[in-house]
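[1] Starting from these lines, generate the structure:
(chains A, B and C)
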Amino acid sequence: MESASTVSTMSRRAKLRGPAARIALVAGLGALVAGCAQDAPQDTWDPAGPNAEMINDLDWIVFPIAGIVGLIVLTFVAIIVVKFRDRGQAIPEQTHGKPALEIGLTILPALILIGIAIPTVGTIMALNETDDTECIVNVTGQQWWWEVDYAQQDGCGGIPEPIVTSGQMVIPVGTPVLVRGTSRDVIHSWWIPRLNGKRDMVPGRVHTLRLEADEPGIYAGQCTEFCGLSHANMRMEVVALEPDDFEAWKAQQLAPYQAPAAGTLAATGEGTYVAQCARCHQVNGLEDADGAPVIARPDLQVYSGAAPNLSYFMTRNTFAGASWDLLTDECRADVWEAPPEEFGERYLEGVTADCLNSVDLREWLRNAPAKKPMYADAEKLEVTDGLVRGMPNLALSEDQIDELIAYLLERK
Amino acid sequence: MSDTTTEPPLTPEPDAAAPAAPDEAIPAGFDDGQDHIGLVHHTATGLSNTKLAMWLFLGSECLLFGGLISTYMLYRNRQGDALGPDQLWDIPFTSATSFVLLMSSLTMVLSVSAAKRKDERGTRLWLTVTALLGGLFLAGQVYEFTVFYREGLGYTTSLFSSSFYTLTGFHGVHVAVGIIMLLALVGMLAKGRIVGDKAETVEMVGLYWHFVDVVWIVIFTLVYLVPA
Amino acid sequence: MAIIERPSDTPALAGTSGVVTPSSSYGYFRRPVESTGWKSWAFTVDHKKIGIMYGVSAMVFFFIGGFEALLIRLQLAQPDGTILSADKYNQMFTMHATTMVFLFVMPMAAAFANYMMPLQIGARDVAFPRLNALSFWTFIFGGIFINTSWFLGGAADGGWFMYAPNSSVPFSPTNGVDFWTLGLLMTGVASQVGAVNLIVTALNMRAPGMTLMRMPIFTWMALVVQFLLLFAIPIITVALFLLLFQRNFDATFFNVAEGADPLLWQHLFWLFGHPEVYILVLPSFGIISEVLPTFSRKPLFGYPFVVFSGAAIGLVGFGVWAHHMFAAGLGPISVAVFSVATMAIAVPTGVKIINWTLTMWGGKLWFSTAMLFAVGLIVQFTVGGLSGVTHAVAPSDTQQTDTYYIVAHFHYVIFGGAVLGLFAGIYYWWPKVFGKMLNETWGRWNFWLMIIGMNLTFGPMHIIGLQGQPRRMYVWTENRAGEGFFNLGFWNLVSTIGSFILGVGALLFLVNIWVSRKNPPAPADPWDARSLEWITQNPPKEHNFDRTPTIHALDEFFHRKYEDVGEDGQHDYKQVRTGEQVIAEEEANADAHIHLPSPSYWPIILSFGMLVVCYGVIYSFLLLAVGAAICILALFGWALEPPTADDSEFDPPSDGGQPSKELAHV
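    This is a model prediction of the structure:
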């Protein structure tokens, strides 16, 4: 036994440090956990609507139980490593087991889990209830942006004509909304953490999700199913407005087309837009020089078949898959951090020339694939028959960009 | 390699003369210094290593075909406007080829029986017949698929067609491998190159062949007989 | 005392029907018989050499995968990182996971199963030694094949579970996914074949007296794992073939426009994928179930419970796959069923934790490095297991899935569970396998830096995930990171720092190997161990046991050393023999006839043929045909070659006597 005892002498010094250090480590970990981000926009423990609240209520049952069980186990282990370390005692009793104890300690966790299972099944069923929804909003995921559209319906205070937008879904406060979603290409996932859990958006299938916001505000989300190159740049927001603000928003989205005043930079921009952008990006009511309506045909250019509708571009405040802000930092703070009673007003202002974040928008227009990784390199499009996934580099000049920005600023 | 130590034992050796209670787990005659492990009679399960291995392998093959059959069952109705089972199947013909395969299992049994009787010629004869019947089945499959192809059912025509050809294709490959094994066995038996128990080797190939046949029965039922 | 083998043409054993005269295959190639040098490794069928090769390869892949992880963490240390492009990042996280799961943890567990299982059951080798070699060479060629994709147009970039339709050609145009698919088909063959081999070994080749309930616990867990592999690998094989045919032959299995259901891939993958995670962790459970009793000086508490809970985990593991799909649109009934089933599987896992802690209770704890890792597993796996319970609650999971909270969970169970257990096994069995001790001081540094590193890396991920950071994002932004000092940016940075500490800790393991290489030979029984594999030399002779042992109890070695001399129901264990004496006793009563299988070319040639086929599928039909031809040639060569070489194929001994084979020094 000589070798064994030599080794054990060597480690005796370390032994006292060992278990004590382990206890300190675990305690430290616990302390660290207490430090969290404040106002994280996608915080799952900061629910802002009944669905997310139901989930969070369940979390408040399960997480503490798990935490307590964990503490018990870790404490038990800590006690053992101190109490039973080798102090030269005799060979211990060669216990092979105590079946009664084992069975008891098997039944106990089983009972705890049954205790967790019951509210879990209840919540699953409750979350599946979508009969009380009053308004339907369609969502379509596509590499790498979200299209949001409202079909003609009586809900949401009545929507007389379809509304198509992208990146930001606007809903009335306190109204349960049924999100019906699918995808045009790969599997994406719609997740607005403060309002509900996520739901995968699968091509060929339609999945539903109930969303309801308690208060006005802007609720951030991200695509949460890996969908390729720019999965990280596929974001969205849900904007909740008081009912009258929502009516105002609807009116904005259904306003007739306003051509820019003649002779302005925006008027030149309109022409540039027709030449460069209108192939893919629809602007409702836009007419070309001959007075013919300009209908975008993204299905001829884009593999997944669609591009964001820019009719009311500046009524929303993010772009390019909600990856960048249209607002400068200051203006953004005004909107995003507005108290609920002022939020609607600020949001409805949209993006003004003073508040425009032209840096990101210009970079985007200058060379979109350089800013956001996409498949738009003409040489590499053989597998998609020459169609792009994402927006190509249009090689616009700085003048053209000036014109387009002037034109786009009026899309409200 | 360590040398034996020359330290004296810590306590006196236990009394070697005191008889220990017999351990029922130890088969009689096992402490005789002979290397017994792995032989047919001395395996704990009673099955030889090769036979147990074949059963395990066939167990895993159930999962393989299970996955392929599930895929087919999911996609069997997804042919859009293209051809579907109703327009394609020639049940009498496929029944005939299935019968041929079924008979090949019978001849396989005859071969195994001959091997157990140490009837070498009979073993090789029935193995060859089995291989021939298997080949006839495969020929029938090839003919059938050529007809389907000419009628417009290509591999990529529809989900139904892809799943169908993949499922039956995997099965066909298994049959082909089986035929090669049968013929190789005939050759090796003739040249006396089988190591170990010949009857068992034949039986093991037989197990594989029967499995391939049973899978076909399942495929024939689900794919051809059950209406879409 | 050297033991000369007798050739197998002496039918000394009753029952073998038919005496065969084996000879070289085809008469052209002399069968390899070298016992030293690189050929003795390339053509070996010795389970111990194969185990070592598995272990070394797995370690290399561990560091490759670790390097990939460090690059990922460097990219995520700051917002809008630019260390890796989006494309490279997507390849990096795909390959990190693929490498760690398929090329590190599984082969390292295979290393232990290969090396230890025959020793633990008193066998001389596995049931099918050449098949064992095939498993290894197929694995290593498959692993190399997947990694050559880095240089051949880009690695796979669809995530390690490669969801369809993102994995199809329009969305993944490079060959990366094909490399991934074919490489995993190869490693799948390796695992499948190995599973059949090891199950037959454990069921059929146990030493006399070793009933199933006297089998060492590591062998039990390894046996359950082999059954899991046997039934799970064919399912992913189907999925991989469907993907391969879609990408290469225009099949439409996952093409939505043609009517396909993308969820088919998910179901097939996770039917494999969930048993896979138990495949990853059960071997480590088995390892620490050996280590804890040895260093507590008491038997495993509740051995039958540990055995049955292991089997239960394996069985129920096939029934919970859809808990990876709670957000995928399954419908509330399915979700509820799988949610409850997933909670059920926590019960047998909890049983093990209880049994391990009760093993230590009342013991005489010796904190060697192996023991530190084993206790570390209990602590860290508990954390990971409890976060797993929170995922089982399906509504909560719809918030947690695809976020860093999941990443935290599986790293705690895989790293804190599987990997810590593997390191425990390495430190525990190193003297057995290599005949030297690893340095204990370096071992402590190795352990503590890994523990601190892993907790700093993966601990914050719980916070990051619950506060909204999804996974598989090549960048994160300030806008979503929240306010305050402890915002998501802070925790991302801490996680990156932790990962580098972890990396250093892992490197210390290599330092330990280097520093210990000149250590004196290890004692025969350094840990006063309990199970059968220790009744051999360090390292074991090629034939493992001089005499096939007869087993009278679980923990056979312990019972040969210690006897209970207590009276009136009191227990008092006295040592009656040292380990060396037990081993010497076996040596003195060596078997007269020892038969070992002979080396062979065919396994490595067949594996090579498969490798050529794989390259052929991607590049050229001609290459495919050549590879297929090599495979067929190898299969026939193998079938015609007897398991043991003829006497005439050995070099004659220098004393001019009959040709015979001296024992190799491993």
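[2] Phi, psi for the closest residue to chain A within the stretch 301-450 of chain C please.
    With C-beta to the nearest C-beta as the measure, residue C:398 is the residue of the stretch 301-450 of chain C nearest to chain A, at 2.5 Å. In short, each C-beta sits where N, CA and C put it, glycine included. With angles defined as degrees, to the nearest 10, residue C:398 sits at phi -70, psi -20.
[3] And the worst-scoring helix or strand of chain B on mean pLDDT, what's buried?
    Every helix and strand in chain B was compared by mean pLDDT, DSSP states H and E; the lowest is helix B:85-88, with a mean of 88. For helix B:85-88, a neighbour-count test (16 or more other C-beta atoms under 10 Å in any protein chain shown) marks B:85, B:88 as buried.
[4] which residues are in contact with it?
    By C-beta atoms under 8 Å, 6 or more residues apart in numbering or on different chains, the residues outside helix B:85-88 that reach it are B:76, B:148, B:151, B:153, B:160, B:223, B:224, B:228.
[5] same check, this time on stretch A:104-121
    Against stretch A:104-121 from outside (C-beta under 8 Å, 6+ apart): A:58, A:61-62, A:65, A:69, C:305, C:336, C:339-340, C:343-344, C:346-347, C:350-351, C:354, C:389, C:392-395.
[6] one more time with 6 Å
    Identification of contacts with stretch A:104-121 by C-beta atoms under 6 Å, 6 or more residues apart in numbering or on different chains yields A:58, A:62, C:336, C:339, C:340, C:343, C:347, C:350, C:351, C:354, C:393.
[7] How many neighbouring residues does the first one have?
    Spelled out, that is residue A:58. For residue A:58, the count of nearby residues is 23 (other C-beta atoms under 10 Å in any protein chain shown).
[8] The fifth one now?
    Using other C-beta under 10 Å, residue C:340 has 20 other residues around it.
[9] Assign it to helix, strand or coil.
    helix (DSSP: H, G, I helix; E, B strand; the rest coil).
[10] quick one: it and residue C:400, what's the gap?
    18 Å (C-beta to C-beta, to the nearest Å).
[11] and residue C:335, what is it in contact with?
    Each residue near residue C:335 by C-beta under 6 Å, 6+ apart is listed here: A:124, C:326, C:394.
[12] between these, which has the most around it?
    Neighbour-wise, those (other C-beta under 10 Å) top out at residue C:394, 30 neighbours.
[13] Please list all residues in contact with the nearest residue to that residue once chain neighbours are set aside.
    Nearest non-adjacent residue to residue C:394, counting by C-beta to C-beta, 6 or more residues apart in numbering or on different chains: residue C:339, 4.1 Å away. Counting by C-beta under 6 Å, 6+ apart, residue C:339 makes contact with A:120, C:392, C:394.
[14] got it, and residue A:54?
    residue A:123.
[15] so it is in which element?
    helix A:50-83 (DSSP states H and E).
[16] so where's chain B uncertain?
    Counting by pLDDT under 70, chain B shows low-confidence ranges at B:1-42.
[17] can you give me phi and psi for residue 204?
    In the absence of a named chain, this looks at chain A. Dihedral angles phi and psi of residue A:204 (degrees, to the nearest 10) take the values phi 90, psi -10.
[18] not what I meant, chain C
    phi -100, psi -20.
[19] what about it, distance to residue B:47?
    The value you get for residue C:204 to residue B:47, if C-beta to C-beta is used, is 7 Å.
[20] So between those two, which is more surrounded?
    Neighbour tally, residue C:204 and residue B:47, criterion other C-beta under 10 Å: the higher count belongs to residue C:204, 25 against 17.
[21] Next up, the contacts around that one.
    Residue C:204 makes contact with B:43, B:44, B:45, B:49, according to C-beta under 6 Å, 6+ apart.
[22] how many neighbours does residue C:219 have?
    Neighbours of residue C:219 (other C-beta under 10 Å): 27.
[23] how about it, secondary structure?
    helix.
[24] Would you mind measuring from it to residue B:168?
    From residue C:219 to residue B:168 the distance is 41 Å (C-beta to C-beta).
[25] Please apply the same query to residue C:351.
    Taking C-beta to C-beta, one finds residue C:351 at 45 Å from residue B:168.
[26] more crowded one of those two?
    A count of neighbours by other C-beta under 10 Å puts residue C:351 above the other of residue C:351 and residue B:168, at 23 against 19.
[27] Specify which member of the contacts of helix B:85-88 is nearest to chain C.
    For the contacts of helix B:85-88, the residue nearest chain C by C-beta to the nearest C-beta is residue B:160; the value is 9.0 Å.
[28] Report the distance from the least confident helix or strand of chain B to the chain centre.
    31 Å (C-alpha atoms, centre = their mean, to the nearest Å).
[29] Same question for the next helix or strand after that helix: list its buried residues.
    Moving toward the C-terminus from helix B:85-88, the next helix or strand (DSSP H and E) is helix B:91-116. Within helix B:91-116, the residues scored as buried using 16+ other C-beta under 10 Å are B:94, B:97-98, B:100-101, B:103-105, B:107-115.
[30] Over to stretch A:198-212?
    Within stretch A:198-212, judged by 16+ other C-beta under 10 Å, the buried ones are A:198-205, A:207, A:209-212.
[31] what sits against the residue nearest the centre of chain C?
    Nearest to the mean C-alpha position of chain C, by C-alpha atoms, centre = their mean, lies residue C:109 at 2.2 Å. Residue C:109 is in contact with residue C:283, counting by C-beta under 6 Å, 6+ apart.
[32] Restricting to C-alpha, output the helix or strand that residue C:426 is a member of in PDB.
    Following DSSP H and E, one finds residue C:426 within helix C:420-434. C-alpha atoms of helix C:420-434 as PDB (Å, rounded to 0.1, in the frame of the first residue of the first chain):
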ATOM      1  CA  LEU C 420     -15.200  15.600 -16.900                       C
ATOM      2  CA  GLY C 421     -16.000  11.900 -16.700                       C
ATOM      3  CA  LEU C 422     -13.700  11.100 -19.600                       C
ATOM      4  CA  PHE C 423     -10.900  13.000 -17.900                       C
ATOM      5  CA  ALA C 424     -11.600  11.200 -14.700                       C
ATOM      6  CA  GLY C 425     -11.200   8.000 -16.600                       C
ATOM      7  CA  ILE C 426      -8.000   9.200 -18.200                       C
ATOM      8  CA  TYR C 427      -6.400  10.000 -14.900                       C
ATOM      9  CA  TYR C 428      -7.700   6.800 -13.300                       C
ATOM     10  CA  TRP C 429      -6.600   4.300 -15.900                       C
ATOM     11  CA  TRP C 430      -3.500   6.100 -17.200                       C
ATOM     12  CA  PRO C 431      -1.200   3.900 -15.100                       C
ATOM     13  CA  LYS C 432      -3.000   0.800 -16.300                       C
ATOM     14  CA  VAL C 433      -2.700   1.800 -20.000                       C
ATOM     15  CA  PHE C 434       0.700   3.400 -20.100                       C
END
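[33] Name the residues of it that are buried.
    Neighbour counts using 16+ other C-beta under 10 Å place C:420-434 of helix C:420-434 among the buried residues.
[34] Can you show me the helices along the stretch 101-250 of chain A?
    Taking DSSP state H, counting those that start in this stretch as the test, the helices found in the stretch 101-250 of chain A are A:243-254.
[35] Give me every residue in the stretch 501-650 of chain C lying close to chain B.
    For the stretch 501-650 of chain C, the residues in contact with chain B (C-beta under 6 Å from any C-beta of the partner chain) are C:524, C:537, C:550, C:552, C:574-577, C:580, C:584, C:591-594, C:640, C:642.
[36] In the stretch 1-150 of chain C, what residue comes closest to chain B?
    Counting by C-beta to the nearest C-beta, the stretch 1-150 of chain C gets nearest chain B through residue C:127, at 4.4 Å.
[37] and that residue, backbone torsions?
    Residue torsions, per degrees, to the nearest 10, at residue C:127 are phi -70, psi -40.
[38] per-residue pLDDT, the residue nearest to it when sequence neighbours are not counted?
    Nearest residue to residue C:127 in three dimensions, chain neighbours excluded: residue C:200, at 4.0 Å (C-beta to C-beta, 6+ apart). Note for residue C:200: predicted pLDDT of 96.
[39] If anything else comes up later, I'll come back, but that's it for now.
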